[in-house]
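just to be clear, the model below is a prediction. Sequence and coordinates:
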Amino acid sequence: MPVSAYFAAKLFAAIVFSTVIMLLLLAVGIAFGGVHLSVATAAKLAGIVIAGSIPFSAMGLAIGYFAKPNSAPAVVNLIYLPMAFCSGLWIPLFMLPHGLRVFAKFLPAFHMSQLALNTVGMGMDPAWGHVEALIAFTLICLGLAAWGYRRDEGKTYG
């Protein structure tokens, strides 16, 4: 099977799960959290968040090929949790030290959050720079995953 077909199937499955989770979270937010968004804004936000799952799914593929099966969840947490903190997802970016504010601009979670914030009118920067950063991150992760795939295939089939 071509590696591109395998990765496309994996990413499609991630998009399906992301869609279900996003719609459930949106429904809970509207029903119980006092979220007030127009249908157009909610649809645009859902689309951005669902499309934004692709770079992180690509990161998961790459980690999966280089971490042992039992250690992969720990490796994901060691990468994602500090990245989320340093990206300003838990604490507003302006409250972080200057060094972390600069570092945040290199992290995919920062770019994803800025795209979501732009959708609701609270973003700081134009969207295209964030889209480009996420595309670059996705391509790097897919390249690493393809390398890991070929490495594992070589070990299995000689």
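Received, thanks.

right, and residue 19 touches residue 52 too?
No - judged on Cβ atoms under 8 Å, residue 19 makes no contact with residue 52 at a distance of 11.9 Å. Just so you know, the C-beta spots here come from the backbone N, C-alpha and C atoms, and that holds for glycine as well.

those two: who's more crowded?
When residue 19 and residue 52 are compared for neighbours, residue 52 comes out ahead with 22 against 15, by other Cβ atoms under 10 Å.

got phi/psi on that one?
The main-chain torsion angles of residue 52 are listed as degrees, to the nearest 10 and equal phi -70, psi -10.

that one reaches residue 134, doesn't it?
Yes - contact status for residue 52 versus residue 134: in contact at 6.9 Å, counting by Cβ under 8 Å.

from the chain's centroid, how far away is stretch 57-77?
Between the mean C-alpha point of stretch 57-77 and the mean C-alpha point of its chain there is a distance of 14 Å (Cα atoms, centre = their mean, to the nearest Å).

buried residues, that stretch. List them.
Neighbour counts over stretch 57-77 (16 or more other Cβ atoms under 10 Å) mark 57-65, 67, 76 as buried.

mind putting the residues you listed into JSON lines with distance to residue 48, pLDDT and secondary structure?
JSON lines is the format used below for these (distance: Cβ to Cβ, whole Å; pLDDT from 0 to 100; DSSP: H, G, I helix; E, B strand; the rest coil):
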{"residue": "57", "distance to residue 48": "15", "pLDDT": "95", "secondary structure": "helix"}
{"residue": "58", "distance to residue 48": "17", "pLDDT": "96", "secondary structure": "helix"}
{"residue": "59", "distance to residue 48": "18", "pLDDT": "95", "secondary structure": "helix"}
{"residue": "60", "distance to residue 48": "19", "pLDDT": "94", "secondary structure": "helix"}
{"residue": "61", "distance to residue 48": "21", "pLDDT": "93", "secondary structure": "helix"}
{"residue": "62", "distance to residue 48": "22", "pLDDT": "94", "secondary structure": "helix"}
{"residue": "63", "distance to residue 48": "24", "pLDDT": "95", "secondary structure": "helix"}
{"residue": "64", "distance to residue 48": "25", "pLDDT": "92", "secondary structure": "helix"}
{"residue": "65", "distance to residue 48": "28", "pLDDT": "90", "secondary structure": "helix"}
{"residue": "67", "distance to residue 48": "29", "pLDDT": "91", "secondary structure": "coil"}
{"residue": "76", "distance to residue 48": "22", "pLDDT": "93", "secondary structure": "helix"}
